[in-house]
Each structure stands twice: as structure tokens, then as C-alpha cells.
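Enquirer: Build me a structure from this.
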Amino acid sequence: MKKIVRILFVCLILMVAISGCGVSHRSPEGVVKSLIKAYDSGKEKKVLKCYGIKGKADDTIQKEIDGTLKYFKAHDAKSIEIVKCDTIKKYDDYALVYVYYELNLGKKKSYPCLSTYFAGKKKGKYYVLPSEDITTEMSKQAASDYASFMDTKVYKDYTKAYEVFIKKNPGYEDKISSKLSS
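Expert: Sure, this is the predicted structure:
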């Protein structure tokens with residue numbers, strides 16, 4: 001019996017060690033998924049890890065993080081489902097990644113969301129790039145690549161789901177806007 005308990009204890013230790021910080025830095029998509037999940041759960045420390053920030057963020061990044069945390073909180077989602085996450089375009093040192101997810105609001109209502117992020121690689125790990133690291137050249141290239149992305153099935157599925165949600169839930173965005181402005 002003691003042997004079984006020891007084996008279970010060792011397995012538990014290994015599972016905790018393997019799970020790590022809950023942030024995947026293996027791929028651009030992995031770190032973006034981790035970021036969305038961290039925002040949804042309100043875990044600022046995990047958000048910072050997605051950005052590769054140890055300790056405290058500078059004022060600009062902190063404002064971005066605070067605003068996005070407030071946005072997720074305003075929806076008061078019961079859960080989140082990541083529908084699709086993939087790279088729109090891979091460049092030399094970074095990738096432009098989209099994530100299509102739905103916020104489960106309860107009562108069979110899901111609010112569709114689509115976000116894009118730049119993910120860069122440092123020391124073999126991917127991190128989300130804060131807006132202050134995004135150059136004008138990167139933005140111009142991303143705009144062009146995003147325009148092509150708008151012709152994809154994923155984007156069309158998102159826009160259709162969004163239109164259906166808005167028709168079924170008029171005034172929802174005004175409700176969220178009022179929560180964000182208070």
C-alpha cells in the first residue's frame with residue numbers, strides 16, 4: 001500500500017512540474033492561446049509571462065493589459081472556447097497570429113471574438129509582442145496580410161457568427177461599452 005501511495009505521489013509531483021506556469025511558449029499560436037486564457041481568467045501574472053515580462057510592466061504595456069482585463073471582465077463569461085488559432089503570416093523574426101474564440105455568456109449565448117497578435121521568438125521561446133515593439137513597417141505588412149485573411153473561411157465564419165449574435169442580442173455592445181467607461 002505504501003508503495004502505491006509513493007508512486008501516486010511521484011506521479012502527482014511530475015504532473016505539477018510538467019504543467020509549469022500554464023503558458024505555452026513553444027509556438028506563436030500556443031503563446032497567443034495562453035494569453036487569451038490568461039486574460040479570461042484574470043491572471044495578470046500569466047499575461048505578463050505571455051509578453052515575456054518578469055516583474056512589473058512599463059506604464060504603456062500595463063495600460064494595455066489593464067484595458068484588456070477590464071474588457072474580458074465586462075463580458076462576465078462563464079467560460080471561453082478557442083475555436084481556431086493559427087498564423088496568418090510568418091516573417092523572419094515574428095509571426096502574425098489570429099485567434100477566434102467565443103465567450104460563453106450562459107443561456108446558450110456565445111459572443112464571438114477575433115483578435116490578432118504579433119508573436120516573436122527570443123531564446124527559443126515565443127512571446128506576444130507589446131504594441132510599443134511593433135514598427136510602422138510591421139503594421140503596414142500586417143494590414144496587407146490581414147486583408148488577405150479576410151477572404152478565408154475562418155474570418156467569414158466569425159463575421160457570420162458575430163452578425164447572428166448582434167441580431168439576437170441588440171444593445172449588447174452598448175452594455176459592454178457602458179461597463180468599460182465606468
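Enquirer: next one: phi and psi at the spatially most central residue of the chain?
Expert: With distances taken as CA atoms, centre = their mean, Ile36 lies nearest the centre of the chain, 2.3 Å away. The phi/psi pair for Ile36 (degrees, to the nearest 10) reads phi -60, psi -40.
Enquirer: Can you list the buried residues in stretch 32-43?
Expert: 32-40, 43 (16 or more other CB atoms under 10 Å). No exception for glycine: its C-beta is placed from N, CA and C like everyone else's.
Enquirer: and what of stretch 141-158?
Expert: Within stretch 141-158, the residues scored as buried using 16+ other CB under 10 Å are 142, 149, 154-155, 158.
Enquirer: isn't Leu35 right up against Val47?
Expert: Yes - between Leu35 and Val47 there is a contact under CB atoms under 8 Å: 6.5 Å.
Enquirer: Below-threshold pLDDT in this protein: ranges please.
Expert: 1-23 (pLDDT under 70).
Enquirer: Could you rerun that using 80?
Expert: Within the chain, the ranges that satisfy pLDDT under 80 run 1-25, 182.
Enquirer: So what pairs up with Tyr127 in the strands?
Expert: Using DSSP bridges, the bridge partners assigned to Tyr127 are Gly120.
Enquirer: That one: neighbour count?
Expert: 23 (other CB atoms under 10 Å).
Enquirer: Pull the contacting residues for it.
Expert: By CB atoms under 8 Å, 6 or more residues apart in numbering, the contact list for Tyr127 reads 25, 31, 50-52, 119-121.
Enquirer: Just confirm Ser24 is within a helix.
Expert: No - assessed with DSSP: H, G, I helix; E, B strand; the rest coil, Ser24 is coil; it does not lie in a helix.
Enquirer: Which of the helices or strands spans the residue lying closest to it once chain neighbours are set aside?
Expert: Excluding its sequence neighbours, the residue lying closest to Ser24 (CB to CB, 6 or more residues apart in numbering) is Gly30, at 3.3 Å. Element membership for Gly30 (DSSP states H and E) is helix 28-41.
Enquirer: Please compute how far that helix lies from its chain's middle.
Expert: Chain-centre distance of helix 28-41: 4 Å, with CA atoms, centre = their mean, to the nearest Å.
Enquirer: Distance check, Lys37 against Lys160.
Expert: 25 Å (CB to CB, to the nearest Å).
Enquirer: Likewise for Gly171?
Expert: Distance from Gly171 to Lys160, by CB to CB: 20 Å.
Enquirer: neighbour-wise, which of those two wins?
Expert: Neighbours were tallied for Gly171 and for Lys160 using other CB under 10 Å; the higher tally belongs to Lys160 (11 against 8).
Enquirer: Just to be sure, the more buried one is in a helix?
Expert: Yes - counting by three-state DSSP, Lys160 is located in a helix.
Enquirer: Great, nothing more from me.
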